[in-house]
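Student: quick check, what structure comes out for this input:
(one chain, ligands or ions: 1)
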Amino acid sequence: MDESAREDQPAEDTTLTGTPRPITRWGEPVMHRPCRPVDSFDEELRTLVADMFATMNAADGVGLAANQVGVDLQVFVFDCADDGVRHRGVVCNPRLELPEGRDRTLAESEEGCLSLPGAFAELARPDTATVHGVDHTGAPVTYTGTGFLARCLQHESDHLQGVVFGDRLPGRLRKRLLKEAAELADDYAADWPAGQPPSGSPQSMEGDGSGGGHVQ
Ligand SMILES: [Zn+2]
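Tutor: Numbers count the residues shown, from 1 in each chain. Sure, this is the predicted structure:
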């Protein structure tokens with residue numbers, strides 16, 4: 001593990017004690033409405049976060065929002081490589097900051113979602129993003145990302161506002177994405193990825209993680 005990434009690490013036991021939960025799919029109401037802010041930083045939240053890390057790892061994901069395991073709370077986890085550096089963290093009650101005006105540059109890349117497993121589409125997003133919030137203990141956190149991490153922070157913050165990435169696509173591309181997902185639906189059990197052994201180490205993305213990855 002890269003020294004420079006160490007400050008991004010949550011307590012190790014957070015990732016070790018969790019149990020994968022079934023992932024909620026697009027179409028379930030909890031995926032399409034804003035989540036409630038976290039106001040209790042208690043054992044229940046800690047268990048949720050541990051289970052979210054376990055679920056994300058079991059599904060080979062790089063990010064996961066609480067409503068993707070059916071929980072109506074503003075919290076997401078991520079474990080995402082960008083430029084060869086691994087970034088990992090927990091964000092409750094995120095406030096997303098995106099560049100505006102001249103600072104705003106869009107990057108187009110393939111994007112996917114664990115709640116629509118197997119389907120991907122090209123989507124343009126700002127190439128830099130900052131998220132402010134608190135972690136599962138209530139301590140303030142700020143993460144700034146470029147490239148794939150920027151995409152991940154935006155994708156997960158969107159989830160907690162009830163926005164899935166298909167909502168950001170033109171109708172024709174959204175239709176194609178949903179068709180692709182429907183064709184692959186039989187590949188994923190209804191309780192996927194629960195019941196599967198967690199992968200030994202969280203993967204980055206396909207290949208070297210340097211671009212064109214799949215955000216979840
Ligand atoms: Zn997603």
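
Student: quick one: the residue most central in space within the chain from the ion, how far?
Tutor: Nearest to the mean C-alpha position of the chain, by CA atoms, centre = their mean, lies Gly63 at 2.5 Å. Gly63 sits at a distance of 7 Å from the ion (criterion: CB to the ion, to the nearest Å). Heads up, the C-betas are built off the backbone N, CA and C, glycines and all.

Student: swap in Val75?
Tutor: 14 Å.

Student: what about stretch 85-96, distance to the chain center?
Tutor: How far stretch 85-96 lies from its chain's middle: 9 Å, per CA atoms, centre = their mean, to the nearest Å.

Student: quick check: buried residues in that stretch?
Tutor: Arg86, His87, Arg88, Gly89, Val90, Val91, Cys92, Asn93, Pro94, Leu96 (16 or more other CB atoms under 10 Å).

Student: was I right about the fourth one contacting Phe76?
Tutor: What it means is Gly89. No. Taking contacts as CB atoms under 8 Å, Gly89 lies outside contact range of Phe76: 9.1 Å.

Student: what is the end-to-end distance of stretch 180-188?
Tutor: One end of stretch 180-188 to the other measures 13 Å (CA to CA, to the nearest Å).

Student: does the ion sit close to it?
Tutor: No. Contact of stretch 180-188 with the ion is not found when judged by CB under 5 Å from the ion; the minimum separation is 12.1 Å.

Student: for that stretch, which outside residues touch it?
Tutor: Identification of contacts with stretch 180-188 by CB atoms under 8 Å, 6 or more residues apart in numbering yields Trp26, Leu116, Pro117, Gly118, Ala119, Phe120.

Student: how about a cut-off of 6 Å?
Tutor: Leu116, Pro117, Gly118, Ala119 (CB atoms under 6 Å, 6 or more residues apart in numbering).

Student: restricted to helices, list these.
Tutor: Counting by DSSP state H, no part of the contacts of stretch 180-188 is found in helices.

Student: now do the helices in this structure.
Tutor: Using DSSP H, the helices of the chain run over 12-16, 43-58, 147-160, 171-184.

Student: and the longest one, is it in reach of the ion?
Tutor: If I follow you right, that is helix 43-58. No. Under the criterion of CB under 5 Å from the ion, the ion is not reached by helix 43-58; the shortest gap measures 10.5 Å.

Student: which strands or helices does that helix pack on?
Tutor: helix 12-16, strand 63-65 (3 or more CB pairs under 6 Å, 6 or more residues apart in numbering; DSSP states H and E).

Student: go again with 10 Å.
Tutor: helix 12-16, strand 63-65, strand 75-82, strand 85-97 (3 or more CB pairs under 10 Å, 6 or more residues apart in numbering; DSSP states H and E).

Student: can you redo those as JSON lines with mean pLDDT and distance to Ala182?
Tutor: Below are the helices and strands packed on helix 43-58 laid out as JSON lines (pLDDT from 0 to 100; distance: least, CB to CB, whole Å):
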{"stretch": "helix 12-16", "mean pLDDT": "51", "distance to Ala182": "33"}
{"stretch": "strand 63-65", "mean pLDDT": "98", "distance to Ala182": "22"}
{"stretch": "strand 75-82", "mean pLDDT": "95", "distance to Ala182": "26"}
{"stretch": "strand 85-97", "mean pLDDT": "97", "distance to Ala182": "30"}
